[in-house]
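Student: Fold the stuff below for me.
(one chain, ligands or ions: 2)
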Amino acid sequence: MHALQHRGQESAGIAVSDRTSILVVKDMGLVTQVFNEKSLVSLQGSIAVGHVRYSTTGSTRWENAQPIYQTTKSGAIALAHNGNLINTEELREELLKEGNKFVSTSDTEVIVNLISYYSDFPIEKAIQKTMERLRGAYSFVLITEEKLIGVRDPYGIRPLTIGKIENGYILSSETCGLDIVGAKYVRDVEPGEIVIIDENGLFSIQALPVIKPSLCIFEFIYFARPDSILYGKNLYEARRFMGARLAELAPIEADIVAPIPDSGTPAAVGYAERSGIPFCEGLIKNRYVGRTFIQPAQTLRQLGVKMKLNPLRDLIKDKRLIIVDDSIVRGTTSKKIIEILREAGAKEVHMRISSPPVKYPCFYGIDTANRSELIASDKTVEEIGKFIGADSLAYLTFDSLVESTGRPREDFCLACFDGYYPISIPQDLKLTKFILEKSS
Ligand code: AMP
Ligand code: SF4
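Tutor: Ligands and ions are numbered 1, 2, ... in the order given. Have a look, this model is predicted:
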């Protein structure tokens, strides 16, 4: 869970089965805020599921923390979900009519309620029937009193990997979660697959046919950790390649290549190597200022980027800088960083971004923004460059981004860049993220 903390900082939880009952400990905050030696002692058993939450459906409150526990006709379950459903409301209304009760506002509770609804069937069948009803992105891991089960939607939008340890198996969103416990990577859970792990070993059911593998390409660009492997590719290497391509596509004379840490670091390394311009850490990041569930006081919030990043003035002064980051979403971060660099005496600031412009909102589990808030939704690259105050701005092309992954374009969701949503978004949901554009 420590290794996966970057995937969510709002809440953390663990459910453990000792084969007779399931115990859940969860709370708001980071893994280190929720768990200590004492609370871990109470969690005894041989099957467990842990979760760190990053919300895209449902608000930031305790009830939405995961794993979500429920007793069903065939025993207790605890479930942890990565992704975002797009037919949550429809399913919730249907379940409410059937007399189901909800304590949270999350889409995950809908999944749990559906599995419970079908719990006259064996658990594998109940999950398969649930999968037939779900639309959207879901990789989830659940435990019963006797089994550990991993599931991936038929598009495989969010990752889920299988690892082997001496006496068992581990399922993890990313391979970096396997490394830390010494598990050996076995393979990914396939789109549409259910894997069941119990005392007899690991079994697989292809519950739904693969519709179109559509792994989120933003995992490659930003979300997953650089030491993880996706589609057989180390993400540090993929990001370094993105930077190298960017250097070929958008060269410029400068004295230093500096990343926006940490998201821009591998691409900045690649840019520097390919351009021959020295890599330099122009901005130092305070690693203790994160996105936690505790909102900082207004005075601290106003400090914003300044609290997180401090420029190395002596290195920057009178220099022509190339600044590399993975993406521009709203444009506010880049704008502030460029202001800070100019205040520190930079002579020129050239911004290079290792992904194409983000033009469309995400409905599948990455918290980007509404369409109208996305700076690239209605501005040209030149206009964005002006807005953020850069001397020049360049983005990576689609083709080079895809090339960095070593897989064909068809294997990915690229909707936030090209607007093609592999799972079509219902009109009412679309309006929630497109509506501001309509009224502006
Ligand atoms: P913005 O100010 O909105 O343009 O933010 C861009 C910065 O946010 C970049 O440094 C990205 O690394 C980072 N970023 C991109 N996507 C996300 C996301 N979904 N959640 C949090 N940060 C992000
Ligand atoms: Fe990932 Fe973008 Fe697709 Fe969302 S829309 S799943 S962020 S590629």
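Student: And stretch 249-267, what's buried?
Tutor: Of the residues in stretch 249-267, those buried by neighbour count under the rule 16 or more other C-beta atoms under 10 Å are 250-251, 254-261, 263-267. No exception for glycine: its C-beta is placed from N, CA and C like everyone else's.
Student: Which phi and psi values does whichever residue of the stretch 101-250 of the chain sits closest to ligand 2 adopt?
Tutor: In the stretch 101-250 of the chain, the residue that lies nearest ligand 2 is residue 216 (3.1 Å; C-beta to the nearest ligand atom). The phi/psi pair for residue 216 (degrees, to the nearest 10) reads phi -60, psi 120.
Student: Toward the C-terminus, what is the element adjacent to the longest helix anywhere in the chain?
Tutor: The helix spanning the most residues in the chain, taking DSSP state H as the definition, is helix 235-249. Remark: after helix 235-249, the chain's next helix or strand is strand 256-259, criterion DSSP states H and E.
Student: same for that next one, what does it pack against?
Tutor: Counting contacts by 3 or more C-beta pairs under 8 Å, 6 or more residues apart in numbering; DSSP states H and E, strand 256-259 packs against helix 265-275, strand 320-325.
Student: what is the mean pLDDT for the longest one?
Tutor: Throughout helix 265-275, pLDDT has a mean value of 98.
Student: Just the mean pLDDT for whichever helix or strand comes after it, thanks.
Tutor: If you walk from helix 265-275 toward the C-terminus, the next helix or strand you reach (DSSP H and E) is strand 283-285. Mean pLDDT, strand 283-285: 94.
Student: Go through strand 283-285 and flag the buried ones.
Tutor: Residues of strand 283-285 classed as buried: 283, 285 (neighbour count, 16+ other C-beta under 10 Å).
Student: Write out the residues of the protein neighbouring ligand 1.
Tutor: 222, 260, 263, 325-334, 366-368 (C-beta under 6 Å from any ligand atom).
Student: In PyMOL, select just the buried ones from those.
Tutor: In PyMOL syntax, the buried subset of these is picked out as below (16+ other C-beta under 10 Å):
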select buried, resi 222+260+263+325+326+327+328+329+331+333+334+366+368
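Student: Give me the subset of the residues of the chain next to ligand 1 that lies in helices.
Tutor: Assignment to helices by DSSP H places the following of the residues of the chain next to ligand 1 there: 332-334.
Student: Identify each buried residue in the host helix or strand of residue 416, please.
Tutor: Here residue 416 sits within helix 415-418, counting by DSSP H and E. Residues of helix 415-418 classed as buried: 415-417 (neighbour count, 16+ other C-beta under 10 Å).
Student: among the helices and strands packed on strand 256-259, which is nearest ligand 2?
Tutor: Of all those, strand 320-325 comes closest under C-beta to the nearest ligand atom, at 16.1 Å.
Student: Could you list the paired strands of that closest one along with their orientation?
Tutor: Using DSSP bridges, the strands paired with strand 320-325 are strand 256-259 (parallel), strand 348-353 (parallel).
Student: gap between the nearest residue to residue 353 once chain neighbours are set aside and residue 351?
Tutor: Nearest non-adjacent residue to residue 353, counting by C-beta to C-beta, 6 or more residues apart in numbering: residue 395, 4.7 Å away. With the distance defined as C-beta to C-beta, to the nearest Å, residue 395 ends up 9 Å from residue 351.
Student: Kindly report the residues of the stretch 251-400 of the chain close to ligand 2.
Tutor: Counting by C-beta under 6 Å from any ligand atom, the stretch 251-400 of the chain comes close to ligand 2 at 362, 364, 366.
Student: Could you dump those residues into a markdown table with pLDDT added?
Tutor: Below are these laid out as a markdown table (pLDDT from 0 to 100):
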| residue | pLDDT |
| --- | --- |
| 362 | 96 |
| 364 | 96 |
| 366 | 92 |
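Student: List just the nearest of the residues you listed to residue 192.
Tutor: residue 364 (15.8 Å; C-beta to C-beta).
Student: Give the helix, strand or coil label for the residue lying closest to the closest one once chain neighbours are set aside.
Tutor: Nearest non-adjacent residue to residue 364, counting by C-beta to C-beta, 6+ apart: residue 137, 3.7 Å away. With DSSP: H, G, I helix; E, B strand; the rest coil as the basis, residue 137 sits in strand.
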